[in-house]
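Enquirer: Sequence and predicted structure below; questions after.
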Amino acid sequence: MKRHNLVALLATLMSATAWGQEVSLYGTTMAQMWKSEVGLDKATYTPATQYLGIDANKLGSDNLSLHLFGWGRTDLSDSSNLDGSKTVGYLNFGYLQYRFNQANAEVKAGRFTVNQGTGFEQVDGVSLRTDLKGGFTLSAFGGKPVLYKTVDPTAQKDYDFQRDFIFGTRLGWRIPKVGEIGLSYLQDGTKAAKDLTIPSTVDYTRKQMGVDLLISPAPVFQLRGRTIFDLADHATLPVGTEKPSNIAEHDYTAIVKFGSKVIFTANVAERNFYAYFAGTNLPSLFRQDEKDKYKGYGGSLTVSGTDNLQVIADFRHMNRESFGDVNRVGGEIRYASTEKHYMAGLGARSVSASKTIQVDPTAPGRSLSHTEFRAFTMIERKRLSLSLDGIVQQYKEGNPYLNGLTSLYEVVASVGFKATENLKVSGDISRGSTPVAKDETRGLLRAEYRFGFGKKGGQ
Amino acid sequence: MARKSVLQFFGVLLGLGVLMACSLISPETSFAATHPEGVGAGRPMCSECHTTDVSKGALKPYASFDHTQTFVKSHKYQANQDANTCASCHAQSFCSDCHGGKVPMKPAIRLSDSPDRMAPHRGDYLTLHKMEGKMDPSSCYTCHGRANNDKCRACHR
């Protein structure tokens, strides 16, 4: 969306809040500071970031509401942005919503995020959903996809041009005490790269169909997952090239509960990059031309010893065709007091890359193996809150990415004070060691506030 | 004349389509817009209170929305099928802490005073991502394939 359109949309939506009988405004103001010295280059960074959101309910009708959320950041000293600018901002969402009293039906218009079928999209447009008779559900969205800057300014034109329209729909069928199955379709862009007058080297468009399911005949068992098919008609491949699979993804998870204390989870996933990476705006990283494949399987076991203590063990085997096998084993212990005034956790992960293919001829493949330890604690006493979070990563010798280090760490200490029910101020200090900054200290000040009548929210 | 007839035909067809679609809509009352009681801090377990119920609208056991470790890591399925159930407790801004499309800092910094919450990329992930990305780049793609990739472009040109 062009800047002046965005400003007009924002002004219209903001003015609508005046009609709201229940308006809540929430925000977080953050000030950070860190310095860096790389060779002769010295820089001081002091970005100030403002998050701001508005929820206005009962706009003339009990069912009509407005939701706005965005952020802005200004650098008070050196620029922390890649393009050298000192000010940046973004509207994450801004939409009007009408919820019907019947059939869980709703309509949204404006900028919104939609997670439907195969797509997780930001759209400037309209979306609607409703339940139908017989357990069916229907949802659809359409509009202009929100565009992000691409890697290459000259390619941005192709990116903008190809992604001119986005449309998605999903038909679901819910069977009480059995589960749900859904069939979805997503089309992003109407002009594929191969159909342009001057064909582009990169195809930013997508046509995907998805099948998702959840089978849960009883609270003790669930099977959920999805398969995504790539339906796009791609450019002809060179003679002799093997045609890649049109199945972009299989991802399925089974969960079994043994009583109220033990949960076992198993997952299997497979992704074909040629189809899965369709539509990326970072083609240099998510490369379709690699025709690579990922396969993984794993599981986890969660045991709740008492109401307050939880022990989790997990394992995952991963295979990437071009890279080899990796095994990851981990465990975690979590404690939370009954009133959640005291929480603590202890975790460890070990990644074994002993069977991987060498990526750097001068470094052994096993050097990518590493171990991670993490511990945290949180205490809340009346208005005061304290937290401490530490993480250590230990790598094998010869890792090509560590500038000779084998151990990295970060410790974050935070102190917060809840001045009123709607205002909390907190300050963090973090200390760490990385291959870029062998000694790193950062400071952060945060103010979180909420005014109005809003009852909802994750915090 | 012929054009008018065609328009009338499509008008009638559209009208019939709308009437038919309306007759298909479920007569059930919508799921509650907000949870009637506060759920407190930490990860809520819906099935602790809703022991044998099937959630209205979603028609699934409430246990399938229990915020277990697995749920926190793979909540995309529930968010995909039952966004209105999520919306009874979570405002959209809760999702935007991580899934904002474009965010000014990694979630682990934004939520550094809440170490109990799952926040991706704790510690020096800039180093770790070189290894994680080689093992499974598809895990990066969900968030950084089309959005939140400003910083990726500094190196991946």
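Expert: Received, thanks. Since this is a predicted model, take the numbers as computed values, not measurements.
Enquirer: hmm, who's touching the longest helix seen in chain B?
Expert: Taking DSSP state H as the criterion, chain B has its longest helix at helix B:2-24. Contacts with helix B:2-24, where a contact means Cβ atoms under 8 Å, 6 or more residues apart in numbering or on different chains, come from A:Leu132, A:Lys133, A:Phe136. Yep, even glycine has a C-beta here, placed from its N, CA and C like the rest.
Enquirer: Ignoring the adjacent residues along the chain, who's closest to the last one?
Expert: Using Cβ to Cβ, 6 or more residues apart in numbering or on different chains and skipping the chain neighbours, the partner closest in space to A:Phe136 is A:Trp173 (5.4 Å).
Enquirer: Kindly report the same for the first one.
Expert: Distance criterion Cβ to Cβ, 6+ apart; nearest residue to A:Leu132, sequence neighbours excluded, is B:Leu24 at 4.9 Å.
Enquirer: number of nearby residues for the one you found?
Expert: Using other Cβ atoms under 10 Å in any protein chain shown, B:Leu24 has 15 neighbouring residues.
Enquirer: So what's the gap between the longest helix of chain B and the chain middle?
Expert: 35 Å (Cα atoms, centre = their mean, to the nearest Å).
Enquirer: The contacts of helix B:2-24 into CSV, with extra columns for secondary structure, distance to A:Met209 and pLDDT?
Expert: Compiled in CSV, these are given as follows (DSSP: H, G, I helix; E, B strand; the rest coil; distance: Cβ to Cβ, whole Å; pLDDT from 0 to 100):
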residue, secondary structure, distance to A:Met209, pLDDT
A:Leu132, strand, 20, 93
A:Lys133, helix, 25, 92
A:Phe136, strand, 18, 93
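Enquirer: how about the helices of chain A, start to end?
Expert: A:3-16, A:153-162, A:273-276.
Enquirer: ugh, wrong one, chain B
Expert: Counting by DSSP H, the helices of chain B are B:2-24, B:69-73, B:76-81, B:83-86, B:92-96, B:107-110, B:125-135, B:138-144.
Enquirer: Need the ones you listed in JSON lines (columns: distance to A:Ile357).
Expert: JSON lines is the format used below for the helices of chain B (distance: least, Cβ to Cβ, whole Å):
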{"stretch": "helix B:2-24", "distance to A:Ile357": "55"}
{"stretch": "helix B:69-73", "distance to A:Ile357": "28"}
{"stretch": "helix B:76-81", "distance to A:Ile357": "30"}
{"stretch": "helix B:83-86", "distance to A:Ile357": "41"}
{"stretch": "helix B:92-96", "distance to A:Ile357": "38"}
{"stretch": "helix B:107-110", "distance to A:Ile357": "30"}
{"stretch": "helix B:125-135", "distance to A:Ile357": "10"}
{"stretch": "helix B:138-144", "distance to A:Ile357": "18"}
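Enquirer: Make a markdown table out of those helices and add mean pLDDT.
Expert: Converted to a markdown table, the helices of chain B look like this (pLDDT from 0 to 100):
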| stretch | mean pLDDT |
| --- | --- |
| helix B:2-24 | 73 |
| helix B:69-73 | 83 |
| helix B:76-81 | 87 |
| helix B:83-86 | 86 |
| helix B:92-96 | 88 |
| helix B:107-110 | 90 |
| helix B:125-135 | 86 |
| helix B:138-144 | 90 |
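Enquirer: which ones are touching residue 126?
Expert: Reading this off chain A. Contacts of A:Val126 (Cβ under 8 Å, 6+ apart): A:Val107, A:Lys108, A:Ala109, A:Phe141, A:Gly142, A:Gly143.
Enquirer: let's do chain B instead
Expert: Taking Cβ under 8 Å, 6+ apart, one finds A:Thr434, A:Val436 in contact with B:Leu126.
Enquirer: Where does chain B get nearest to chain A, residue-wise?
Expert: Proximity of chain B to chain A (Cβ to the nearest Cβ) peaks at B:Phe94, 3.0 Å away.
Enquirer: are any of the contacts of A:Val126 buried, and which?
Expert: A:Val107, A:Lys108, A:Phe141, A:Gly143 (16 or more other Cβ atoms under 10 Å in any protein chain shown).
Enquirer: If you average pLDDT per helix and strand, which one of chain A comes out bottom?
Expert: Of the helices and strands making up chain A, the lowest-confidence element is helix A:3-16, at a mean of 66, by mean pLDDT, DSSP states H and E.
Enquirer: now B:Ser139, nearest residue through space, not along the chain?
Expert: Using Cβ to Cβ, 6+ apart, the closest residue to B:Ser139 is B:Glu132 (7.1 Å).
Enquirer: Longest strand in chain A, by number of residues?
Expert: Looking across chain A with DSSP state E, the single longest strand is strand A:20-38.
Enquirer: Perfect, I'm done here.
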